[in-house]
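**Student:** I would like to see how this sequence folds:
(2 chains)
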Amino acid sequence: MTRLFPILAALLLAFSANAASAGVFNPDTFTLNNGMQVVVVKNHRVPVVTHMVWYRVGSADEGPGESGIAHFLEHLMFKGTKKRKAGEFSKILARNGGQENAFTSSDYTAYFQTVAADRLEMVMEMEADRMTNLVLSAEDVDTEKKVVLEERRSRTDNNPSGILAEQVNAALYLNYPYRRPVIGWAHEIEALSLEGIMAFYKKWYAPENAILVVAGDITAEKLKPLAEKYYGAIPRGPGVKRLRPTEPPQQATRRVTLKDSRVRQPSWSRTFLAPSYLSGAVEHAYALQVLANIFGGGASSRLNRALVVDNKIAVSAGSYYGASDRGPSSFSLHASPRPGIDMVELEKRVEGELATLLKDGVTASEVERAKKRMQAQAVYARDSQSTGARTLGTALAIGMAVEDVESWPDRIGAVTVDAVNKAARAVLKEGRSVTSLLLQKKSG
Amino acid sequence: MIKKSLSVLALTLALTLMIGGTADAVTVEKVTSKSGVTAWLVRDHSNPIISMRFAFRGGAALDPKGKGGLANMVASSLDEGAGDIDSKAFQAKLEDLVITLRFNAGRDTFSGQLNTLVTNKDTAFDLLRLALTKPRFDAEPVQRIRSQIQAGLRQETEDPGAIARKTLMQTLFPGHAYARPANGTPESVAAITRNDLSAFTTRRLARNNLVIGVVGDIKKDDLARLLDTVFGGLPATAVAWEVPDVKPQSAGSIKIIEKAIPQSVIVFAQKGLKRKDPEFYAAYVMNHVLGGGGFTSRLYSNIREKRGLVYSVYSGLHPMNHAGLIVGGAGTANERVGETIRVLKREWSKMAKDGMTAAELKDAKTYLTGSYPLRFTSSGSIASMLVGIQLDNLGIDYMDRRNGLIEQVTLADVNRVAAKYLKQDRLSFVIVGKPNGVKATP
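**Tutor:** Prediction:
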């Protein structure tokens, strides 16, 4: 119940699409009178639907001192409402063969259920109910706080690479709120109060700040009256203005090192501040995806070939970039050494590959192959019922349009060698990066 | 991000239990090739892709002594060059054609998956044929894979969850193949030679221990032809093997492995059932109420929801070919381990003594039957089920019968099974951390 795992995030960001102009998920969309957006993705393989409600609020919208509140609220949404006791939602859903979960990221919070298509209305009634009718007691908050602190221990504190990832983020963003962990800092989670949580809920949970996505055995014609009945009846909220601090110019290279006796396999990474679809030099967003694929996106990528296969100094090496953020994103390189390889040498080798990339650029053949691979994945993306719902939900939640998702294959197809080289030179600048080292602390 | 986190053990379990049920929209056909290779097929022409899953019976439990991790190393090396195509070219071909080809070694099976766009199916199936029948095992990829596996194993030596699961298997099955870590140790992986890898493929990968499931946009005769292409050249029979059946040992033991971490990782197990046990369905329904999936089980409600002791707590059936277990796990701050185990044991014995209510049984059944179709929402998931059903010999009509088997379970059945199997004093625990309120057994 916290920020998307990197793997899932990668999957969603790599959602891809079909060959040119065919669209990807071909969804239907409409908007309710109260401003709630609705998206329908048809998939009639089995009489099942995935129902998701997304709120355009995440950890980056939290106020000072209240890190973790968005995620904590997500947990508490499984408590009661004016109509239902704590846990009753889950019990009713389970009795009807449904499955559910929820997740929180920096930019959004989403709740979802998968259920037989003929139970959709029941789910909509319950989800609409908890959009505005949540009832919490101090005891709910106290007990669930312990659960969230255990979640933090298992994800972060028990795990050196989890601890380091938090520190890297805090160093990468000087001012933008992505510097806070989605789950929150432990001391601030401990201080969260019932009043603060309810205020956050009332501020952000409202139909005009929400998106309904239903995928599966359903059509827009069938969904519309139900959406109007349950979600359309909810009055608009106070209409908040999103205020997020922005990032100043970054002028210094940073290094973050964690030495921990639990580390048995060291690792190295360098993370650059980068534009996203919506923030910074957005014209580079598609070219950066192609670049990440060429430079470190798989077995045939430059970093893997050079460091892992040819020079045999690393057990793994790669690069990662995702553009689906409301605020500034990041472009990262990572490598982990083979035994006996010095971290300084490893870093020099990666820097060597980076220097070659920036000097000579990528080749036309590399770009063509990467684009073809990326576009072909669209067909796979359509296979699973939940992929379309998640991809479209993410896009709308961060402030993009359905057309942006549907035209993704075309926009990837339009990326040129020149665009990739320009993007690389604009973004992979050392003064805008954090280099991190995870090292073993030797005892004694 | 997921409300309830799953350990690797729980994932294994989920896959095992993903077998069975009914989905009206799915028709399973049997396809047999000229040379006699059989696959189960679910045709779906809505999207131009093909997903194939297959498994050979016999897995990591057959790794030779001192060569633990052999099956896993083969799984990682088969797609690193075959026939005239070297590792780099093989990987580039898979990537450029967006073909997924992967292998995986379990304790009891060696399995694989192939996903391809219809337009590339001939190439995809041919690459799989080469990988299975003519793997190169060139020095560079073998050494690279070895160092990657060893890096993972080294890190696992400090991963509390991995330590706990490995120790639990050693505690339960001393002297048995199940006690050995399925992926080996850095030392045993160092001892594996190219000859070992080759011998594995020629001895273990044969037509008589193979099952196949296919989902997607393909005609029956097309598939029959491709089955011959890929699997027709395999030996008719695998070299015979034997893994003895085994009963879990060390009932009631508590092992503590001290690590300076803030949260203790707890895993536990006791004797359970094998998949073919006639009481399996009763136990499956019973466990759902005790500690199964979703946010409604007794363990979830009493340990997480009411007391806030954990983020994750679960129990599950873990049937293996040669032993049956009921397993579970939890994670809690060191100072609350004693309380967590006390509540867990209390729930365990409460279910054994008092059973469940008729209402709980009814809700469990409507959940388990109603959620079965949810497994049919992706090609890969359906193909995996087709393989699982064949491995467990449940019959080609199983998907239609599965919900009936759940429905048939009575209150007397679940309560009898609970009383018979759930023994809180027979639970074996492994705790990794610095737990308070609990003592290791001698």
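
**Student:** Per-residue confidence, B:Leu17, what does it come out as?
**Tutor:** Here, the pLDDT recorded for B:Leu17 equals 31.

**Student:** same question, A:Gly239
**Tutor:** At A:Gly239, the model reports a pLDDT of 84.

**Student:** ok, how many other residues are close to it?
**Tutor:** 10 (other Cβ atoms under 10 Å in any protein chain shown). For the C-beta atoms, the positions are set from N, CA and C on the backbone; glycine is no exception.

**Student:** can you check B:Thr366 too?
**Tutor:** Neighbours around B:Thr366, by other Cβ under 10 Å: 16.

**Student:** looking at it, it is touching A:Ile92, isn't it?
**Tutor:** No: the criterion here is Cβ atoms under 8 Å, and B:Thr366 misses it with A:Ile92 at 10.7 Å.

**Student:** and the residue of the stretch 51-200 of chain A nearest chain B?
**Tutor:** In the stretch 51-200 of chain A, the residue that lies nearest chain B is A:Gly97 (1.6 Å; Cβ to the nearest Cβ).

**Student:** Point out the residues in the stretch 301-442 of chain B that sit beside chain A.
**Tutor:** Residues of the stretch 301-442 of chain B lying close to chain A by Cβ under 8 Å from any Cβ of the partner chain are B:301, B:304-312, B:331-333, B:363, B:366-374, B:376-380.

**Student:** Mind picking out the helix or strand in chain A with the poorest mean pLDDT?
**Tutor:** helix A:6-13 (a mean of 37; mean pLDDT, DSSP states H and E).

**Student:** next one: stretch B:277-284 to chain centre, how far?
**Tutor:** 18 Å (Cα atoms, centre = their mean, to the nearest Å).

**Student:** Quick one: residues in contact with that stretch.
**Tutor:** B:17, B:272-274, B:317, B:319, B:324, B:326, B:368, B:405-406, B:408-409, B:413-414, B:416-417, B:420-421 (Cβ atoms under 8 Å, 6 or more residues apart in numbering or on different chains).

**Student:** What about residue 87, how many residues nearby?
**Tutor:** You didn't pick a chain, so chain A it is. By other Cβ under 10 Å, 17 other residues sit near A:Gly87.

**Student:** I was thinking of chain B, sorry if that wasn't clear
**Tutor:** Other residues within reach of B:Ser87, judged by other Cβ under 10 Å, total 22.

**Student:** try the one 3 residues further on
**Tutor:** The burial metric for B:Phe90, expressed as a neighbour count using other Cβ under 10 Å, is 24.

**Student:** what's near enough to touch the residue nearest to it when sequence neighbours are not counted?
**Tutor:** Once flanking residues are discounted, B:Phe90 sits nearest to B:Gly81: 4.9 Å by Cβ to Cβ, 6 or more residues apart in numbering or on different chains. Each residue near B:Gly81 by Cβ under 8 Å, 6+ apart is listed here: B:87-90, B:135-138, B:141.

**Student:** Buried ones among those?
**Tutor:** B:87-88, B:90, B:135-137, B:141 (16 or more other Cβ atoms under 10 Å in any protein chain shown).

**Student:** So which of the contacts of stretch B:277-284 are in helices?
**Tutor:** B:17, B:368, B:405-406, B:413-414, B:416-417, B:420-421 (DSSP state H).

**Student:** What helices and strands are in contact with the helix or strand that contains B:Ser349?
**Tutor:** Here B:Ser349, judged by DSSP states H and E, is contained in helix B:337-354. Applying 3 or more Cβ pairs under 8 Å, 6 or more residues apart in numbering or on different chains; DSSP states H and E, we find helix B:337-354 packed against strand B:263-271, helix B:280-291, helix B:298-299, strand B:324-333, helix B:411-421, strand B:428-433.

**Student:** Between helix B:337-354 and the first one, find me the angle.
**Tutor:** Orientation of strand B:263-271 against helix B:337-354 (axes from the mean of the first three to the mean of the last three Cα atoms, to 10 degrees) gives an angle of 30 degrees.

**Student:** Check which residues of whichever strand or helix holds A:Glu195 are buried.
**Tutor:** Using DSSP H and E, A:Glu195 maps to helix A:194-204. Within helix A:194-204, the residues scored as buried using 16+ other Cβ under 10 Å are A:196-198, A:200-201, A:203-204.

**Student:** Could you grab the helix/strand/coil label for B:Phe54?
**Tutor:** Put simply, B:Phe54 is strand when judged by DSSP: H, G, I helix; E, B strand; the rest coil.
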